[in-house]
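Enquirer: got a sequence here, can you build the structure:
(5 chains, ligands or ions: 5)
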Amino acid sequence: MRESLAVIWAIGRKDLLLETRNKDIIVAVSAFALLVLMVFTFAIDINQINAKLTGPGILWASIAFAGVTGLNRAFALELEGNTLEALMLAPISRDLIYVGKMFGNFLFLTASQIIVIPIFAVLFNLAVLRWEILVISLLTTIGFSAIGTLFAAMSMRVRAREVMLPLLFLPVVTPLIMAAVESTSHVVNDGSWPEIAQWIQLALAFDIAFIVISAFIFQQILED
Amino acid sequence: MRESLAVIWAIGRKDLLLETRNKDIIVAVSAFALLVLMVFTFAIDINQINAKLTGPGILWASIAFAGVTGLNRAFALELEGNTLEALMLAPISRDLIYVGKMFGNFLFLTASQIIVIPIFAVLFNLAVLRWEILVISLLTTIGFSAIGTLFAAMSMRVRAREVMLPLLFLPVVTPLIMAAVESTSHVVNDGSWPEIAQWIQLALAFDIAFIVISAFIFQQILED
Amino acid sequence: MFALKVQDVVKSFAEVMVLRRIKFSLQPGEVAVVLGANGAGKSTLLRILAMLTQPDSGSIYIYGKDTNKNGPEARALTGSVLHSPMLYADMSVRENLTLFAELYRLKNIDILIEKNAVKVGIQSKLDHRVRTLSHGFQKRAALARALMHEPQLLLLDEPESGLDSRSVSHLDNIVEEYRSSGRTILMTTHIIEHALEISDKAIVITDGYVHLESTTTCLNKSNILSAYSHALPKTSGDL
Amino acid sequence: MFALKVQDVVKSFAEVMVLRRIKFSLQPGEVAVVLGANGAGKSTLLRILAMLTQPDSGSIYIYGKDTNKNGPEARALTGSVLHSPMLYADMSVRENLTLFAELYRLKNIDILIEKNAVKVGIQSKLDHRVRTLSHGFQKRAALARALMHEPQLLLLDEPESGLDSRSVSHLDNIVEEYRSSGRTILMTTHIIEHALEISDKAIVITDGYVHLESTTTCLNKSNILSAYSHALPKTSGDL
Amino acid sequence: MTKAINLLVSPIALSAVLMGTTLWLIFVWVPTETNQGAVQRILYLHVPIAWGAMMGIVVVSAGSFLYLWKKNEIWDRLAVASAEVGVVFGGLALLTGMIWARPVWAVWWTGEAKLTTTLILFFIYVAYLMFRAYFPPGTQRQRLAAIIAIIGAIDTPIIYFAANLWSQAHPPLITGPAADSESSLGTSLGVVLLASTISFTLLFILLVKIRYKIRKSEDEIKQLKQNHELDSVKLHNISQARGTS
Ligand code: HEM
Ligand SMILES: Nc1ncnc2c1ncn2[C@@H]1O[C@H](COP(=O)(O)OP(=O)(O)OP(=O)(O)O)[C@@H](O)[C@H]1O
Ligand SMILES: Nc1ncnc2c1ncn2[C@@H]1O[C@H](COP(=O)(O)OP(=O)(O)OP(=O)(O)O)[C@@H](O)[C@H]1O
Ligand SMILES: [Mg+2]
Ligand SMILES: [Mg+2]
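Expert: Ligands and ions are numbered 1, 2, ... in the order given. Below is the predicted model of the structure:
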């Protein structure tokens, strides 16, 4: 067990090291997410009335796209000088590689949200810095990294990688996105706790379901 | 001149060939754009009232993202087994390489819009299949491919390519996106021609400016 | 027990059948070289032995471990250097080696790294990013990566390509060390004379099967080259 | 007029100065080989000559054309095969060659392709996707790409690596053909004996200087190897 | 194994007859619905087709699961075949639905749960098939595709649940399906709906079987080619042995 943790940590840390090496990409991705926010604020002109209406949607859509981009990178890293094969040469069960990458992605997504959400709060001046949001964004991030890592790994050997990943990823995570959006908008509209809770429960159920599945099937993916 | 055209055509055709080789990625990218649309329809709930309000923004935001993804691919193609260097070995001025790639991207973006816009019309049931839209989408596409190709080429050497491109691209094309969004929403709200025209003029000016600039500076980029 | 036992390995890509019933085995301490014309299937075979590619059929035993059943154990016994260096371009050589040492759960890593760096002659570059290394130094780094966990079976795909004569002699020393310590090497190369010098056994692949398998003592370059030529009525597109 | 004239070329990456005042010239019809230990700067030099990398200073003339002033003409006279094959992995060899032929504005392309395919021995793979080719065949395809427009100056970076003995002899024929037809070749390699056989002139780079430049008639392997060793008191990290 | 599938599948003739009668029932026998008019007849196509689309993903995932478990080609073929049919049914469900929605809801599309679910389901089908098309051939492709299918199947109900919650959260301005389908028809609606559901289900099975057979023969051809090559090797080895002895 301790050994497995060591391996997971080694891979996850390596990802972070590389990311920071690559001109701290985390900043870049958050900047990207912010840009997406910007584009929307231009595209859909925000005023106090519809800020509450469209804000949450825009926030989570942006995070979702930033997420896809980040995931694509996480495996693009392994593709250059196909180092994933080097990982596969190591005498470790392939689940560990998965969990390691997932861990890396999780850290990555979290980092970018820590930057994006406060700025969103300012731009849309919505009070989203509350613990409910913390919970929901945590759940969303977990779900994203579980599914995302899985599909990113799958679509890696596909030639149209950049496109294949969102194509697999987005439909599957829609419940998660819905949950995030809805609970957020309940929060910003000071909805009652039960209203929020039902969505958080949904997200929770989704996460549990897919973490179980993915840990179970990742084995299948890597071996050629 | 004829020779230059031949070269441009050779490069553009090659891109298309490769795309179609990768099992018609155009379809994939359009599918992606549609997904983006879908994500928004969840994120921002569309009803008859705010369809006209948010619809155009969502449409063009989606196209912008699909565009970024496509551009990223266009140069990812050249990176694998760095074939761009092979192009640079050829005794052709480097502008031609640029125009060739731009041509390829243009075809690509156009193709995906041909698929996306009609479906948008249905999903949001807005009557956007009109010649004004044709004009504006043409102008937008030209602008996107001019700037996009330029920045894609620039960010290619950068390690965080996937992120760098949107970071450069989106801010610069914001005027174009605004023009597209505004004119589209004027169209769907049966705005008067002058209202639409002013935005189309903006887009036109933007395109001319950037085609000139980029053709001029592309030279600089490729040389190491 | 055999160090490596390959039984009826078959592999085909789409229409072309590349490996047809490959079958051979190596004793511990044996240094074998896989020869064959371009496109014979050498790299494919090595990738299969390294467990990066699944054969269509057939089975492989590494020191008695079935690669299908207990992959991890088999992988722990194997070290591979294939065509691509398989290193993270944006990490230093040292960081790369540290990472892989951790994945192999090795103890006192720093000493190990220094030791192997000397073996392959990359001490001077340990703290350079792999991206900035010349071709030959990347090759050396990859070799160091494969040696770190002192595998019982070493798989090398054209190891000498890109190496200058000094590091080729490094390589020869490593081969000698392996032979004397009773460990096993399977390598491919196109430099036949050199191969015959350093190896005990030559395996020539032609048309996807072992066309010649013999000790190198009684072989010379022309024997080998004659074995390269087709033995079967030429089939579809392969070779 | 010189086929190639290299004047005081200097190139440094970040802190390390890789090439310091490289200076030599080739006559038309000369076959020269650039030798040096790993990391000596051979590939860097070839990339500069191929106009893929800008030198920090110094100037290069290819058949009198200054590479800074009239790049396109200079590029038209040059053909290069560097470490990576530079081919589109998802197009067939034929499609690749056609594309580049068009970029070089060649006439009746199909015949050209057939001709060069035979020269490098890739006829059988012309319609295979490059991705599916073995290492050696990719190398051959790259060579064909560089030969198509019959360049006056051919730059080859370790051309024989990955080639089986049959295609090495193909390579030798090409070299011979170039020499006899008064065209020029500059190649790097690590197989010194072979290099001395096929080349007229050897240029050894050490510590970023041309440490030895001489006709190969009066050279043997040991001369070369001694020239590999440092000419200066060892400086920072560069070798 | 194939026997089991044969049992499942009844011959073309039966399905043709059934489909014929169904069409007759739909367009001749059943009276026009009063408050929607002729459009409403599309329900008899729409609902069974939508049901087919739903059934599809279940079959695909079941086949995929069995493939992962038993590692038997048969199940993979079944999965692909039903995915191919399923995507068509999904598309048609969307299409018929939208054709219907236009007159009765005055829009092509709403955020109603069933609609959303169908749409995403359709995307999942597309992703599944596209992945199979993109990925380099081999057993790995089948394994990964299977995983996608299973995930998709597990996801669909979650999506439906979420979409339901969601469309409650924002009640669409126009009533969704289920609105006024209680109508002047009474039992005859039920009869026709049942009939057409049966015949569409049959059609589904039939199409799957056809696609399945095509796949099967493709694989067999590949197998034959391989065996041929291997035999040529055997022959060679024998002849070599003779030569040496
Ligand atoms: C899984 C997908 C779907 C299923 C299972 C489904 C099922 C049904 C069913 C059973 C009805 C009969 C009325 C009721 O009992 O609810 C119905 C009605 C209807 N469906 Fe769907 N449907 C699906 C997708 C769609 C789609 C994609 C559309 C198009 C936008 C659509 C449009 C309609 C319309 C317009 C009605 C008539 C509602 C009314 O009577 O006012 N449906 N659907
Ligand atoms: N992914 C693939 N798809 C299709 N064919 C492939 C693939 N990989 C290899 N091949 C084919 O398999 C055959 C053997 O390839 P392999 O790389 O093993 O040859 P090799 O012996 O290593 O040749 P070389 O000496 O050139 O490295 C070649 O004919 C090649 O075309
Ligand atoms: N992009 C780069 N950044 C920093 N240093 C580099 C870069 N490219 C090359 N170098 C350094 O330049 C030196 C020469 O590299 P080069 O590839 O030219 O050597 P080489 O003679 O080709 O060696 P080899 O025989 O191994 O191919 C090496 O020390 C290398 O570390
Ligand atoms: Mg090989
Ligand atoms: Mg080099």
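
Enquirer: how many residues are close by the one residue in chain C that gets nearest to ligand 3?
Expert: When scored by Cβ to the nearest ligand atom, chain C has C:Gly136 as its residue closest to ligand 3, at 2.7 Å. The way it works is simple: take the backbone N, C-alpha and C, and place the C-beta from them, glycine included. C:Gly136 is flanked by 24 other residues according to other Cβ atoms under 10 Å in any protein chain shown.

Enquirer: ok, it - contacts?
Expert: By Cβ atoms under 8 Å, 6 or more residues apart in numbering or on different chains, C:Gly136 lies in contact with C:162-164, C:167, D:38-39, D:190.

Enquirer: backbone phi and psi for C:Pro159, please?
Expert: In terms of degrees, to the nearest 10, the main-chain angles of C:Pro159 are phi -60, psi -30.

Enquirer: so who does it touch?
Expert: Per Cβ under 8 Å, 6+ apart, neighbours of C:Pro159: C:81, C:139, C:143, C:171, C:187, C:189.

Enquirer: just curious, which of the contacts of C:Gly136 is nearest to ligand 4?
Expert: C:Gly162 (13.6 Å; Cβ to the ion).

Enquirer: so for E:Trp29, what's the pLDDT?
Expert: Looking at E:Trp29, its pLDDT stands at 67.

Enquirer: where does E:Glu218 sit, in terms of helix or strand?
Expert: helix E:187-244 (DSSP states H and E).

Enquirer: avg pLDDT for that helix?
Expert: 74.

Enquirer: what's the first helix or strand after the biggest helix by length in chain A?
Expert: Ranked by residue count and defined by DSSP state H, the top helix of chain A is helix A:48-79. Going down the chain from helix A:48-79, the next helix or strand is helix A:83-89, by DSSP H and E.

Enquirer: and whichever helix or strand comes after that next one with chain E, contact?
Expert: Downstream of helix A:83-89, the next assigned helix or strand under DSSP H and E is helix A:94-123. No. Residues of helix A:94-123 are not located near chain E by Cβ under 8 Å from any Cβ of the partner chain, the shortest gap being 12.2 Å.

Enquirer: could you give me the buried positions within helix A:94-123?
Expert: For helix A:94-123, a neighbour-count test (16 or more other Cβ atoms under 10 Å in any protein chain shown) marks A:94-109, A:111-113, A:115-117, A:120-121, A:123 as buried.

Enquirer: chain center to the helix or strand just after that helix, what's the gap?
Expert: Later in the chain than helix A:94-123, the nearest helix or strand by DSSP H and E is helix A:131-155. In terms of Cα atoms, centre = their mean, to the nearest Å, the centre of helix A:131-155 is found 4 Å from the chain centre.

Enquirer: would helix A:131-155 count as contacting chain B?
Expert: No. Between helix A:131-155 and chain B, judged by Cβ under 8 Å from any Cβ, nothing touches; the nearest distance is 10.7 Å.

Enquirer: what's the closest non-adjacent residue to the residue minimising distance to the centre of chain E?
Expert: Nearest to the mean C-alpha position of chain E, by Cα atoms, centre = their mean, lies E:Gly86 at 1.9 Å. Counting by Cβ to Cβ, 6 or more residues apart in numbering or on different chains, E:Gly86 lies nearest to E:Gly56, which is 2.5 Å off, once chain neighbours are set aside.

Enquirer: check contacts around that neighbour.
Expert: Taking Cβ under 8 Å, 6+ apart, we find E:Gly56 in contact with E:82-83, E:85-87, E:89-90, E:125, E:204.

Enquirer: out of those residues, name the two that are farthest from one another.
Expert: By the measure Cβ to Cβ, E:Tyr125 and E:Phe204 form the most distant pair in the contacts of E:Gly56, at 13.6 Å.
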